[in-house]
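Participant: fold the following and give me the result.
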Amino acid sequence: MRRSQRMVFVILCCCLVFLINCAKVQKEKTPNVSSVSSVKPANKPVDVVIYTGSASWLTLENAIDEAKTTKKLLGAHGITAVITDSEEDISNWMIETTANDVVNICILYGVLPTTIYTTGNTQSEGSIVENWIETTDGDTILNQGDYFGYYSSDETPNYKAPLQNIMDLPNIDINVEFFDHLLMHVTDSGKTLTPSLVNFESDRPFPIEQLGSEWYAEKIFASNTGDDKGNFADPIILRDGNRGRLAMVHQTHHGDNPKGIVTAEIIINYLLTD
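Facilitator: The predicted model follows:
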């Protein structure tokens, strides 16, 4: 009997030690889970949405590669980004983030989704994208590749009307012929904020002298003169007073530019610094 009792006692001690060790392991894992979930609440809209459903002046494969580069770099700095080829995702997200007192960014590759701006310029006022930009959130459309808004996602040309309608500047135009291969020189701001940006030839630099109403050049990363006094700029951030922004980054015809890296640097070092 004594031998049996000792065996039972030993077994009970082993079980107790095992249970204590298991409890210690669980306690060590728990903080990691809670700390991750507390960084970005599940119901908080993502900071950046990248549309890869269609592209112009770069291949769709190239656009997807650039999007992945941007997303990876943003993620390393705690900025949430999603890549989607769904136009419905873009419109739903814009509606959700309109006037939410947070800067949100939509990246496009030379094509404007029909869900946020209707084909044929039938919604010259009150489109989803215009309403999104015209709040005081500071929301930003960042375009790469073709002339901003020139084509819709169903391959129908919008021509220059989206730029004019969204900015409410009826005469603004990024001339289709004259600006091909215009050399852009990196400005001091560009050297500081976008260290990966180098001098390059832009095919659709923005004509700064055409700005009017409350629109102004908020930040010039490269221009034809290499400073803020140039007539043309790319990359550039345009702002509508204290409202939203339009940004053009490497509007080049199949140009071999570090679009994804420079875009990430603009977002990390300027647009979402807080």
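Participant: poorly predicted segments of this protein, please.
Facilitator: By pLDDT under 70, the weakly predicted segments of the chain are 1-43, 176-178, 274.
Participant: okay, domains of it per the record?
Facilitator: For the chain, the structural domains run 1-38, 46-271, going by automatic domain parsing.
Participant: pipe these into JSON lines and attach mean neighbour count per row.
Facilitator: Glycine gets a C-beta too; all of them are placed from N, C-alpha and C. Formatted as JSON lines, the domains of the chain follow (neighbours: other C-beta atoms under 10 Å):
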{"stretch": "domain 1-38", "mean neighbour count": "9"}
{"stretch": "domain 46-271", "mean neighbour count": "19"}
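Participant: would you map the strands across the protein?
Facilitator: 48-51, 81-84, 105-108, 111-112, 140-143, 151-152, 182-186, 200-202, 206-207, 215-220, 222-223, 232-233, 236-240, 245-248 (DSSP state E).
Participant: parallel or antiparallel, list what pairs with the first one.
Facilitator: Partner strands for strand 48-51, per DSSP bridges, with pairing direction: strand 81-84 (parallel), strand 105-108 (parallel).
Participant: got a list of contacts for the last one?
Facilitator: Going back to what we said before, that points to strand 105-108. Residues outside strand 105-108 that contact it (C-beta atoms under 8 Å, 6 or more residues apart in numbering) are 47-51, 67, 70, 90, 93-94, 139-144, 148, 263, 267, 271-272.
Participant: returning to that earlier point: what's the closest of the strands of the chain to Leu163?
Facilitator: Nearest to Leu163, of all the strands of the chain, is strand 245-248, at 8.0 Å by C-beta to C-beta.
Participant: could you say what helices and strands that closest one packs with?
Facilitator: strand 140-143, helix 161-167, strand 236-240 (3 or more C-beta pairs under 8 Å, 6 or more residues apart in numbering; DSSP states H and E).
Participant: out of the ones you listed, which is closest to Thr119?
Facilitator: Short answer: helix 161-167, nearest of these by C-beta to C-beta, at 10.5 Å.
Participant: ok so, going back, and the strands of the chain as JSON lines, adding distance to Thr98?
Facilitator: Formatted as JSON lines, the strands of the chain follow (distance: least, C-beta to C-beta, whole Å):
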{"stretch": "strand 48-51", "distance to Thr98": "13"}
{"stretch": "strand 81-84", "distance to Thr98": "17"}
{"stretch": "strand 105-108", "distance to Thr98": "12"}
{"stretch": "strand 111-112", "distance to Thr98": "17"}
{"stretch": "strand 140-143", "distance to Thr98": "13"}
{"stretch": "strand 151-152", "distance to Thr98": "21"}
{"stretch": "strand 182-186", "distance to Thr98": "33"}
{"stretch": "strand 200-202", "distance to Thr98": "31"}
{"stretch": "strand 206-207", "distance to Thr98": "25"}
{"stretch": "strand 215-220", "distance to Thr98": "20"}
{"stretch": "strand 222-223", "distance to Thr98": "31"}
{"stretch": "strand 232-233", "distance to Thr98": "28"}
{"stretch": "strand 236-240", "distance to Thr98": "15"}
{"stretch": "strand 245-248", "distance to Thr98": "14"}
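Participant: tell me which of the ones you listed lies nearest to Asn121.
Facilitator: Nearest of those (C-beta to C-beta): strand 151-152, 9.3 Å.
Participant: quick check, distance from that closest one to the centre of its chain.
Facilitator: 19 Å (C-alpha atoms, centre = their mean, to the nearest Å).
Participant: contact partners of that strand?
Facilitator: Outside strand 151-152, the residues within contact range by C-beta under 8 Å, 6+ apart are 56, 110-114, 117, 119, 157-158.
Participant: from these, pick the one nearest Arg204.
Facilitator: Gly110 (9.3 Å).
Participant: residues in contact with that closest one?
Facilitator: Taking C-beta under 8 Å, 6+ apart as the definition, contacts of Gly110 comprise 55-58, 143-148, 150-151, 251.
Participant: now it: how far from Gly241?
Facilitator: Gly110 sits at a distance of 26 Å from Gly241 (criterion: C-beta to C-beta, to the nearest Å).
Participant: just so I know, which of the strands of the chain lies nearest Asn165?
Facilitator: strand 111-112 (10.9 Å).
Participant: parallel or antiparallel, list what pairs with that closest one.
Facilitator: For strand 111-112, pairing defined by DSSP bridges yields strand 151-152 (parallel).
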